[in-house]
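In: Fold the following for me, if possible:
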Amino acid sequence: MAGFLDNVNKYNPTVARILKNISGLGSFGMEYQDMVIKDSMAIGASEADLRKRFGYSQDDEDFVYSIAAQDTTVRKYIAYFDKQYLFKREFLRKFSLNAEIEYILDTICDEGICYDSKNFFCQPALINLDLKEDVVKAMRKNFRKLSVLHGFTNGLTGWQYFRQLLVDGFLSFEIVFSDDGTEIVGFKELDATSLTPSVEKKPDGTRESIWYQYYGDNVRQRRLLDAQVIYISYAKANTVSRTSYVERLIRSYNLLKIMEHSRVIWNVMNAQYRIKMTVPIGSKAPQKAKETLGELMSAYKEDIKLDTTSGELSINGRPDLQFYKNYLFPQSGGEGTKVETINNTGPNLNIMESVVYFYNNLRKDSKIPYNRFSSRMGTGQGNTFKIAAEGAERDEVRFSKFITRIRSIFQEIITKPLWIQMCLDFPELKNDVAFRSQIGVKFNSDNVFGQSSEIEQLIKSIDFINSMTEVKQTVNEEEVQYFDQDFLIETYLDLSNDDLLLNKSYVDKDKEEGEGAAEAAEGEETAATDAAAEPAAEEPAE
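Out: Numbers count the residues shown, from 1 in each chain. Next up, the predicted model:
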């Protein structure tokens with residue numbers, strides 16, 4: 001089995017074949033990283049923190065190298081080093097089941113993962129223009145295959161993993177290879193808290209990134225190559241950040257619930273009609289009076305409990321709410337019974353401004369635009385689907401950028417195995433730094449604001465460029481265009497070099513096809529002319 005490298009099957013030939021094919025992928029870029037770490041003279045932030053916390057000896061070369069890599073290239077938050085994370089994860093998972101938090105998570109996941117009619121939520125982004133046709137076809141084929149192996153094509157799994165990243169803050173998988181190690185055959189989800197990264201020196205002196213699972217456990221410890229592990233973290237190392245997205249909602253949600261519960265309890269207490277009856281009992285012994293007082297306290301005591309999970313309310317252990325209460329008080333002496341009502345005193349908590357204030361704070365902390373909540377506030381406005389970018393709220397712009405940041409973290413779930421499979425299919429790509437940097441995915445989106453904004457900006461830029469081409473200058477008594485067309489396009493159209501090169505490739509392709517068609521037409525015309533110029537063959541005499 002791929003990945004079980006330190007068990008009794010360590011010398012299994014199947015494992016050996018897999019390691020032989022993928023071992024080099026775990027050392028990709030290590031020569032440059034090795035140079036940076038060796039030539040660095042300072043102690044990095046993660047290196048200093050981890051040495052202080054775990055007390056490893058500075059003579060442990062592999063450990064020093066591993067933690068130094070956290071300050072140079074890795075920069076991932078490792079759950080294994082956070083000893084409180086297990087308890088935090090359990091709390092975050094329960095917290096995410098609250099209805100208000102579920103609505104926020106569903107909104108973000110629906111925005112981040114949008115399936116098309118073919119059940120794909122993203123497509124491979126082929127940026128490098130120098131790829132051969134067979135490489136491009138293989139990449140598209142491998143992308144579809146990996147999506148199926150991940151289970152993304154069922155229309156739900158990708159959405160669930162995206163939500164899991166927002167709640168847990170981590171995603172980790174084992175990449176499972178075929179017996180010959182030349183093909184990815186599946187993925188196995190792992191517990192992120194069981195994995196710790198490391199770097200080990202190989203016999204030839206080079207270094208290789210590896211992962212240990214359940215490090216130090218004699219029974220469960222596994223040694224995995226970096227090419228066998230996908231590890232995604234919401235937070236980054238060396239930055240002040242929350243472990244997961246949901247963590248930022250805890251404070252505002254709890255304050256909102258406190259305000260809501262105070263209103264509920266106030267309304268329950270004030271929904272009851274209270275009658276006070278004072279009954280004269282004459283003279284009683286002190287002991288008898290105390291017994292009477294204890295009986296009254298037991299009879300009139302109210303134990304109100306509100307279940308914050310289900311919203312159920314109970315009074316003295318009963319789910320039924322009494323809408324009237326009779327209070328009977330003995331009075332020493334007196335001539336007759338008095339009956340009077342007990343008026344409620346205190347602040348009026350029916351006013352909801354405070355609740356709305358804390359609800360708005362929860363909306364703000366969620367980063368979701370306010371207008372997506374407005375119908376839930378009873379206004380009935382703000383949920384209209386708009387295509388035009390003109391007049392769009394700034395909240396929508398910020399929200400779009402936030403979704404893009406989360407997608408850039410999540411995309412490794414498909415880009416890393418895609419790169420590995422491409423390197424297995426085309427070994428010459430393994431050491432191609434440019435190729436790995438060009439692999440990406442383009443996510444589907446049903447929020448067309450960004451696209452509409454780009455189109456409108458392009459239209460305005462084109463109009464501006466057309467007006468600038470009207471600026472003339474006189475050269476040799478002849479009016480010529482003052483601004484070069486290419487200068488205006490590159491300066492004001494805001495196209496990337498890849499866009500310009502892609503356009504040039506299509507122009508050249510059309511030019512070649514046009515020249516080919518012209519040559520073919522000229523050849524046909526020449527052939528027709530030659531055929532017309534030949535004398536007709538004389539018919540033989542009878």
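
In: In stretch 487-507, which residues are buried?
Out: Residues of stretch 487-507 classed as buried: 488-489 (neighbour count, 16 or more other CB atoms under 10 Å). In this view, the C-beta of every residue, glycine as well, is placed from N, C-alpha and C.

In: What lies in contact with that stretch?
Out: Contacting residues not belonging to stretch 487-507 are listed as 127, 129, 457-458, 461-462, 464-465, 468-469 [CB atoms under 8 Å, 6 or more residues apart in numbering].

In: Please measure how far the first residue of it sits from its last one.
Out: Chord length of stretch 487-507, first to last residue, is 18 Å (CA to CA, to the nearest Å).

In: of the contacts of stretch 487-507, buried ones?
Out: 461, 465, 468.

In: quick one, phi psi at the last one?
Out: Main-chain torsions, M468, degrees, to the nearest 10: phi -70, psi -30.

In: Tell me who's in contact with it.
Out: Going by CB under 8 Å, 6+ apart, the list of residues near M468 reads 483, 488, 492.

In: Same check on the first one?
Out: When contacts are counted by CB under 8 Å, 6+ apart, S461 is found next to 492-494.

In: Serialize these to TSV and add fields for distance to D110 and pLDDT.
Out: What follows is the contacts of S461, written out as TSV (distance: CB to CB, whole Å; pLDDT from 0 to 100):
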residue	distance to D110	pLDDT
Y492	36	80
L493	33	79
D494	30	72
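
In: on contacts alone, who are the packing partners of the host helix or strand of I420?
Out: Per DSSP states H and E, I420 falls inside helix 412-425. Using 3 or more CB pairs under 8 Å, 6 or more residues apart in numbering; DSSP states H and E, the elements in contact with helix 412-425 are helix 13-22, helix 133-150, strand 170-177, strand 184-189, strand 229-233, helix 433-438, strand 439-443.

In: So which residues lie in contact with the longest one, not counting its own?
Out: Surrounding helix 133-150, the residues in contact under the criterion CB under 8 Å, 6+ apart are 120, 123-124, 126, 131, 153, 157-158, 184-187, 413-414, 417-418, 421-422, 425-426, 429, 439.

In: Please save the CA atoms from it in CSV.
Out: Output of helix 133-150 as CSV, limited to C-alpha atoms (Å, rounded to 0.1, in the frame of the first residue of the first chain):
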residue,chain,number,x,y,z
GLU,A,133,-0.6,20.1,-28.0
ASP,A,134,-0.1,16.7,-26.5
VAL,A,135,0.7,18.2,-23.1
VAL,A,136,-2.3,20.4,-23.2
LYS,A,137,-4.6,17.5,-24.1
ALA,A,138,-3.0,15.4,-21.3
MET,A,139,-3.5,18.1,-18.8
ARG,A,140,-7.2,18.4,-19.6
LYS,A,141,-7.6,14.7,-19.5
ASN,A,142,-5.8,14.4,-16.1
PHE,A,143,-7.8,17.2,-14.7
ARG,A,144,-11.1,15.5,-15.5
LYS,A,145,-9.7,12.2,-14.1
LEU,A,146,-8.5,13.7,-10.8
SER,A,147,-11.8,15.5,-10.4
VAL,A,148,-13.6,12.1,-10.7
LEU,A,149,-11.1,10.5,-8.2
HIS,A,150,-11.7,13.3,-5.7
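
In: now that helix: mean pLDDT?
Out: In this model, helix 133-150 has a mean pLDDT of 89.

In: can you give me the helices for the stretch 201-350 of the chain?
Out: 250-270, 286-300 (DSSP state H, counting those that start in this stretch).

In: Show me what the mean pLDDT comes to for the shortest one.
Out: Mean pLDDT, computed over helix 286-300, is 67.

In: just the longest one next, same as before
Out: This predicted structure assigns helix 250-270 an average pLDDT of 82.

In: Show me what it is packed up against.
Out: helix 99-112, strand 304-306, strand 313-315, helix 353-366.

In: Outline the domain layout of the chain.
Out: 13-244+411-443, 250-341, 359-402, 449-492 (automatic domain parsing).

In: just for the stretch 201-350 of the chain, where's the confidence low?
Out: 237-240, 272-286, 289-290, 292-294, 296-302, 306, 308-313, 317-350 (pLDDT under 70).

In: Quick one: residues contacting R398.
Out: K367.

In: is it true that it lies in a strand?
Out: No - R398 is assigned helix when assessed by DSSP: H, G, I helix; E, B strand; the rest coil, not a strand.

In: From R405, how far off is it?
Out: 11 Å (CB to CB, to the nearest Å).

In: what do you get for S209?
Out: 25 Å.

In: Compare neighbour counts for those two and give me the winner.
Out: Comparing S209 with R405 by other CB atoms under 10 Å, the one with more neighbours is S209, at 23 against 9.

In: If that one is in a bridge, with which residues?
Out: Taking DSSP bridges as the rule, S209 bridges to V199.

In: pretty sure it is touching P197, no?
Out: Yes - in this structure S209 lies within contact range of P197 using CB atoms under 8 Å: 6.9 Å.

In: I'd say S96 and L105 touch.
Out: Yes - between S96 and L105 a contact is recorded at 6.3 Å, counting by CB under 8 Å.

In: between these two, what contacts are shared?
Out: 167, 246.

In: What's the biggest helix in the protein, counting residues?
Out: For the chain, the helix with the greatest residue count under DSSP state H is helix 497-533.

In: just checking, D180 is part of a strand?
Out: No - the assignment for D180 (three-state DSSP) gives coil, which keeps it out of a strand.

In: ok, it to E102 distance?
Out: D180 is 45 Å from E102, by CB to CB.

In: for A42, same thing?
Out: To E102, A42 is 46 Å away according to CB to CB.

In: Those two: which has the busier surroundings?
Out: Between A42 and E102, counted using other CB under 10 Å, the more crowded position is E102 (12 against 8).

In: Next, give phi and psi for the residue lying closest to that one once chain neighbours are set aside.
Out: Sequence neighbours aside, S96 is the residue nearest to E102 in space, at 6.9 Å (criterion: CB to CB, 6 or more residues apart in numbering). Torsion angles at S96 (phi, psi; degrees, to the nearest 10) stand at phi -70, psi -10.
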